[in-house]
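Student: Pasting a predicted model and its sequence here:
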Amino acid sequence: MFDSSLLQPINTFLQVQTPQSWVEKAQEPENLSVVLTDHLICELKAAQSAMFLIRRYAVDEQSGQALLQWLKPYEDFVYRNKGDAAMLSANGRLSKTMLPKSNSLYGQELIDKMVLLIKEELHHFCQVLEIMHEYNIEYKNVPSSRYAKGLLKHVRTYEPQALVDKLICGAYIEARSCERFAMLAPHVDEKLGQFYVSLLRSEARHFEDYLALAQKIANEDISERVAFFGQAEALLISEPDEDFKFHSGRPVVQQNAYA
Ligand SMILES: [Fe+2]
Ligand SMILES: [Fe+2]
């Protein structure tokens, strides 16, 4: 169904595999709506975190404003129920060239990789919205899962370690998404399965870009820090989780009170 060598680095990086019980729950037709809606919001969140990183660390004020304007229609749709799919897919690309701030230590590479990532995530966003339309799922906001917050709470508070940690978290989020798309693809209907497979290549590259940037910016061996976040991530994935979402943990089996 897809080139399995793509997943090999992802599966080596992740410390645990998604529990089978999550895959079973995610393929139930009554959960399609929450899986796709949460996926849609995750695509925006991926674009927002990349935007946050370059606004905070790399670009000048004017470039930062252009980035905010670029994402605004998607945020209006998700958080304020404004606009529609047609308007979003017609939304312009980022026209301004991103300029580094004069004192940026991280430079052009961070900007180039993150701008490309934002473009791709916004494209995925429009694709998910189109798929939702095809399955007659109307968008309604759903609260985020514990996953990203559970990772980001371990980010150190001083630089450049804070940036390194955020990039490692980014790598885990991308890697887990990639793994879940691959796990779900064979178990959902063909059209959706093909869509998930089509996302694998860019999500695998996003994982690698985040990890390479973390390594470069740290300027020291980051393997211990990667292992630390790997363990935190593995717990979020394997521990029981009542809130079923795209990145949730092991689903809690609802006990029948009369059993
Ligand atoms: Fe994406
Ligand atoms: Fe991604």
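Tutor: Sure thing, it's come through. Residues are numbered from 1 along each chain as shown. Ligands and ions are numbered 1, 2, ... in the order given.
Student: And the helices in the stretch 101-250 of the chain?
Tutor: Under the criterion DSSP state H, counting those that start in this stretch, the stretch 101-250 of the chain carries helices at the ranges 107-134, 147-152, 161-184, 190-218, 223-238.
Student: And the residue nearest the centre of the protein?
Tutor: Ala46 (4.4 Å; C-alpha atoms, centre = their mean).
Student: which residue sits closest to that one in space, ignoring its chain neighbours?
Tutor: Glu121 (4.4 Å; C-beta to C-beta, 6 or more residues apart in numbering). C-beta coordinates here come from the backbone N, C-alpha and C atoms, glycine included.
Student: How many neighbouring residues does that neighbour have?
Tutor: The number of residues packed near Glu121 is 25, by other C-beta atoms under 10 Å.
Student: Just the closest residue of the chain to ligand 1, please.
Tutor: Going by C-beta to the ion, ligand 1 is nearest to His124 of the chain, at 3.8 Å.
Student: if I pick the spatially closest residue to that residue that is not a sequence neighbour, what's in contact with it?
Tutor: Counting by C-beta to C-beta, 6+ apart, His124 lies nearest to Glu43, which is 4.6 Å off, once chain neighbours are set aside. Contact analysis of Glu43 by C-beta atoms under 8 Å, 6 or more residues apart in numbering lists Glu121, Leu122, His124, Phe125, Val128.
Student: go on, Glu109?
Tutor: Counting by C-beta under 8 Å, 6+ apart, Glu109 has contacts Leu213, Lys216.
Student: For Asp243, see how far away it is.
Tutor: 37 Å (C-beta to C-beta, to the nearest Å).
Student: what does Glu75 give?
Tutor: Separation of Glu75 from Asp243 (C-beta to C-beta) stands at 23 Å.
Student: and if you look at Ile168?
Tutor: Taking C-beta to C-beta, one finds Ile168 at 24 Å from Asp243.
Student: and if you look at Glu233?
Tutor: 17 Å.
Student: more crowded one of these two?
Tutor: Neighbours were counted for Glu233 and for Asp243 using other C-beta under 10 Å; Glu233 has more, 26 against 15.
Student: At the contact with ligand 1, which residues of the chain appear?
Tutor: Within the chain, the positions lying close to ligand 1 (C-beta under 5 Å from the ion) are Glu43, Glu121, His124.
Student: What is the nearest of those residues to Leu213?
Tutor: Minimum distance to Leu213 across the residues of the chain next to ligand 1 is 16.1 Å, recorded for Glu121 (C-beta to C-beta).
Student: Just to check, the closest one is in contact with Ala47?
Tutor: Yes: assessed by C-beta atoms under 8 Å, Glu121 is found in contact with Ala47 at 4.0 Å.
Student: per-residue pLDDT, the residue of the chain closest to ligand 1?
Tutor: Per-residue pLDDT puts His124 at 96.
Student: Now the phi/psi pair for the residue nearest to the centre of the chain, please.
Tutor: Main-chain torsions, Ala46, degrees, to the nearest 10: phi -60, psi -40.
Student: Can we start the residue count at 49 from this point?
Tutor: Let's use 49 as the start, then, which means that last one is Ala94.
Student: what residues are up against it?
Tutor: So Ala94 contacts Leu165, Glu169, Ile221, Glu222, His254 (C-beta under 8 Å, 6+ apart).
Student: The closest residue to ligand 2 within the chain: neighbouring residues, count only.
Tutor: Going by C-beta to the ion, ligand 2 is nearest to His254 of the chain, at 3.7 Å. His254: 25 surrounding residues under other C-beta under 10 Å.
Student: burial count for the nearest residue to it once chain neighbours are set aside?
Tutor: Distances taken as C-beta to C-beta, 6+ apart place Glu222 nearest to His254, at 4.2 Å, with adjacent residues excluded. When neighbours are defined as other C-beta under 10 Å, Glu222 has 25 of them.
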